[in-house]
Structure formats: C-alpha cells, structure tokens
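A.B. asks: Got a predicted structure here, sequence first:
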Amino acid sequence: MKNNRPKKRQPQNPQRGEMPQKSEKMQDRPAVSQEETENLFEGRNAVMELLNAEKTIHRLFVKSGEADGSLRVILAKAKERGIIITQLAKDKLDAMSETGRHQGIIALCPPFEYAELGEVLRNCARTGEEPFIIVLDKIFDPHNFGAIIRTAAACGAHGVIIPKRRSVGITAAVVRASAGAAANMPIVRVANIAQTLDILKKAGIWAVGAEADGDIMYNAPLTGALALVIGNEDEGISRLVKEKCDFLVSIPMLGQMSSLNASVAAGVAMYEIVRRKINVSK
C-alpha cells in the first residue's frame, strides 16, 4: 500500500485483516396483489432499461389509447419478447402506481435479484478494473437511494452495497428515481456494513467515508480501488462504520448551508473520484 495514504483514524478496538392505516389510494389498487406491488417498475425509462437488460417482465400495464413516442418503442420491444400487455384506463394505472409518475406504463416483474459481494469482486477481477464500490449506511429515502444508483451507474461504479435492515430496498420509487439504472447496477444487501468493509479492505480496497469532519476531499488520495461510504441523511455515517473507514473526506461548504442532501454529496464525491481516474489515465 502507498505510504502517502493519510494515517488511519484509530478506533478504540481496531481490527483489520401498531400498523399504519392503508390510504384510500392503496385500497383502490386493482389487478395485482400486495406481494406483486413490491415488484412494480414504473415509468418509461425504467421499463426501457428492464427491456434493454433483458430482465424478466411478467406483464406490462399501459394506458389505454394510442401509444406515442418512446411508449411505442417500448411496446414494440415487449411484443418481440412475447410479454403480455394489458391496457388499463388512466385512473386504474393511477390507483396501481406507487410513485404517481408512471408515464402511462407499469411493468410487473419478479422479485428484484440482489447481487452477491463476491460476484461483484469477481467481475472486477475479470475485467482487470480497480473496484469502485458505493456503500450506503442506512439510507432511508427512496429518492436519495435511486439518485445515488443513477449517479453510480453514470460514474462506472461496479456495485452498491446496502444493509438488509434499517435501509430502503429496491422499490418502484427507487427504480423511478434511478431512471431505470437499478435494472443494471449490481445491488448487494449485507447483514453488517462494518464487517463488509473488513472484507473489502482484505481485498485491497480502501474504505473512504464522506463525513463533515473529514479532510477536504480535494487533498485526499482518491485513487486506486475504493469503497465510498455515504451515511444516513440525518446522522451521517454510524460510529462503528466510521471506525472501519481508512480515512474520511469532506466536501467544502463555503456558503451559508452546512450540509448537502445525501444523494448530492454522494454525486460530488463520486465525480471527484472519476476526475482522478481520468487524470491518472492521461
């Protein structure tokens, strides 16, 4: 490992090596069961990404009437694959939608297939690329999660890691916010984020936490194999996870605001890493 890495922040014990009532909208949903609604992918970009990735689609629900623009292209692709297409009145689609922004099409899919961490690392080894992984510590907002997935895909990240508990998973709102990128990005769910960072570090990957008390990121060595850790929207990175990070970086705040939205902060940090990669490759 390079000697110019900042000194690791030492942990105290360092280790290395009653249900809400259903809304009227939910009660009026037609056509699919509660289990199935968890697997609805809404919006034209999301459905197009599913088709391009050749993901399994059980059925497409589309707004009755003549298809226009990109919807016509989507339906043509779906017919080529023999996917069942059901036309519904707009009010029926509205009642089915979880996001309220279905753009006239909803795909019914099997449960989302989460990736395995080992699979992500093996894919990096096969391509010879240095791993670039995004680790999310207790992100609850689906729009933040979806936006992070979208940016991660645009930055060439190899996967996104989330905890199995106390975190949003893949939902229709997440897929919609990701503009369909969730269909192609490997999403790994793990039991313990801190222990997962240990695994990544043993694989030669540096764990970098984005935190307000970190060093300015423009001065940090953000090159090589990296796992970028993004914390909770309100509390930041949890203590145990922070102790596992090799170093912390912060985004300079020069105005009156003291913090950024989690997805914005993640995007800024990710693109700083991309900038370094571009400079190194020149």
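C.D. replies: Yep, that arrived. Since the structure is predicted, the reported quantities are computational estimates derived from the model, not experimental observations. Numbers count the residues shown, from 1 in each chain.

A.B. asks: mind checking how far the longest helix along the chain is from the chain centre?
C.D. replies: Secondary structure of the chain per DSSP state H: the longest helix is helix 262-281. On the basis of C-alpha atoms, centre = their mean, to the nearest Å, the separation between the geometric centre of helix 262-281 and that of its chain is 16 Å.

A.B. asks: again with stretch 108-123
C.D. replies: The chain centre lies 12 Å from the centre of stretch 108-123; the measure is C-alpha atoms, centre = their mean.

A.B. asks: Then stretch 84-97?
C.D. replies: Centroid separation for stretch 84-97 versus its chain: 27 Å, with C-alpha atoms, centre = their mean.

A.B. asks: Can you list the buried residues in it?
C.D. replies: Of the residues in stretch 84-97, those buried under the neighbour-count criterion (16 or more other C-beta atoms under 10 Å) are 88, 92-93, 95-97. Where you see a C-beta, it was placed from the backbone N, CA and C, and this is true even at glycine.

A.B. asks: ditto for stretch 43-62
C.D. replies: If you call a residue buried by 16+ other C-beta under 10 Å, then stretch 43-62 has these buried ones: 43-51, 55, 57, 59-62.

A.B. asks: Show me which of these is closest to residue 170.
C.D. replies: residue 46 (11.2 Å; C-beta to C-beta).

A.B. asks: Surely the closest one touches residue 174?
C.D. replies: No. Contact criterion C-beta atoms under 8 Å: residue 46 and residue 174 do not qualify, at 9.8 Å.

A.B. asks: mind listing the helices in this protein by residue range?
C.D. replies: Along the chain, counting by DSSP H, helices occupy 24-27, 34-37, 44-52, 69-80, 90-96, 117-127, 142-154, 172-177, 193-202, 239-244, 262-281.

A.B. asks: hmm, back to that, name the helices or strands packed onto the longest helix of the chain?
C.D. replies: Under the contact criterion of 3 or more C-beta pairs under 8 Å, 6 or more residues apart in numbering; DSSP states H and E, helix 262-281 touches strand 132-136, helix 142-154, strand 206-216, strand 226-230.
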